[in-house]
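Peer 1: No letters, just coordinates:
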């Protein structure tokens, strides 16, 4: 039996996390391919990515309430990633909007299943904050390799190669999950007994989930159109690619830093400050008229989300130790992420790129208000987490 605290189990979870979070890495190139190579307008392109993310949300809402009853998520993770591989491979040869839309939705549903059991298993580890940070570091390495290698590949081989690479990533994740996906740790007996009688997470906990959703809206809205903003502002392909590469490199560090600061910084403080920093950076990017106000925050703003989310994940795992809430991580993250591309595309189509910056400032205030309502984890759970 492979456990979450084994090296093999951690590697499997990290690879499944990278495969399932491909949208967080690929959004600017994804939307750019749909606009430039498939000839869809910004609103249509945003809608397609939204359909993928909405499929993931639907799957997460189906799986998360049942997660605490699963002995292992291995087969669900394997099937979900394999299904995603098939959908993306078919996308590479699809031509009409209807087929592309349907495959986006089906691919998202499959990936959402895999992500739900992956995040729930991480939440039911001895130290969710640390293990989620490890998965985040793996995602940072994957993002660096992806953002460095894919722009020239797409330029030389065409847009469909993007989806073939997605399919290959999902297939690797499926094979690794089949061979090495771990079983979650036992939930505390008190938490299990509460869940068994049908108790719902506290009202305050939902505010934390809503806060993460809101940050995800800002993240997806900005990330989806970051590359197009640079291209349409005539900064040049080389300069925009340089920012993407810098972003990939800098994204190696936020989750590692979050793991180092786990017991040094208050999770509640990080959650209160993170949305403000994120919103200011996005506003700078999308109101920029020169290169530096676009490039400097552009290289950093994804890292703010990665750093903040590790603290949010750890705090929610302390508040709800059954893993059921965090098995819904794809729902809470991708609900926001699903809104972001279509919202961003609509804003760009009717009001221009600066509208994304102004929307980010408003949504940042909403996220802060939500995090202010989070309940505090129990003393017993905090003591157990600090002892690890």
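Peer 2: Done, it's in. All values reported here derive from a predicted model rather than from experimental measurement.

Peer 1: all contacts plus neighbour counts: C-alpha atoms, from now on.
Peer 2: OK.

Peer 1: got a list of what residue 348 touches?
Peer 2: Residues in contact with residue 348 (CA atoms under 8 Å, 6 or more residues apart in numbering) are 42, 355, 356.

Peer 1: Now the first one. Nearest residue, chain neighbours left out?
Peer 2: For residue 42, the nearest residue in space outside its immediate sequence neighbours is residue 345; the separation is 4.9 Å by CA to CA, 6 or more residues apart in numbering.

Peer 1: low-scoring stretches of the stretch 251-388 of the chain, by residue?
Peer 2: 320-334, 376-388 (pLDDT under 70).

Peer 1: residue ranges for the helices of it, please.
Peer 2: Taking DSSP state H, counting those that start in this stretch, the helices of the stretch 251-388 of the chain run over residues 254-260, 267-287, 291-319, 324-327, 329-351, 354-371, 379-387.

Peer 1: quick one, which of those helices is packed in tightest?
Peer 2: Mean neighbours per residue, mean count of other CA atoms under 10 Å, is largest over the helices of the stretch 251-388 of the chain for helix 324-327, with a mean of 28.

Peer 1: which of the residues in stretch 129-138 are buried?
Peer 2: 129, 130, 131, 132, 133, 134, 135, 136, 137, 138 (16 or more other CA atoms under 10 Å).

Peer 1: circling back: adding distance to residue 170, write the helices of the stretch 251-388 of the chain out as CSV.
Peer 2: As requested, these are arranged in CSV below (distance: least, CA to CA, whole Å):
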stretch, distance to residue 170
helix 254-260, 23
helix 267-287, 30
helix 291-319, 22
helix 324-327, 20
helix 329-351, 16
helix 354-371, 31
helix 379-387, 33
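
Peer 1: what about residue 155, how many residues close to it?
Peer 2: When neighbours are defined as other CA atoms under 10 Å, residue 155 has 12 of them.

Peer 1: Against residue 162, how distant is it?
Peer 2: Per CA to CA, to the nearest Å, residue 155 is found 11 Å from residue 162.

Peer 1: so what's in contact with the two at the same time?
Peer 2: Counting by CA under 8 Å, 6+ apart, nothing touches both residue 155 and residue 162.

Peer 1: I'd like to check which residues are in contact with residue 166.
Peer 2: Here residue 166 is in contact with 22, 85, 88, 89 (CA under 8 Å, 6+ apart).

Peer 1: In CSV, list those residues along with neighbour count.
Peer 2: Formatted as CSV, the contacts of residue 166 follow (neighbours: other CA atoms under 10 Å):
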residue, neighbour count
22, 18
85, 28
88, 26
89, 20
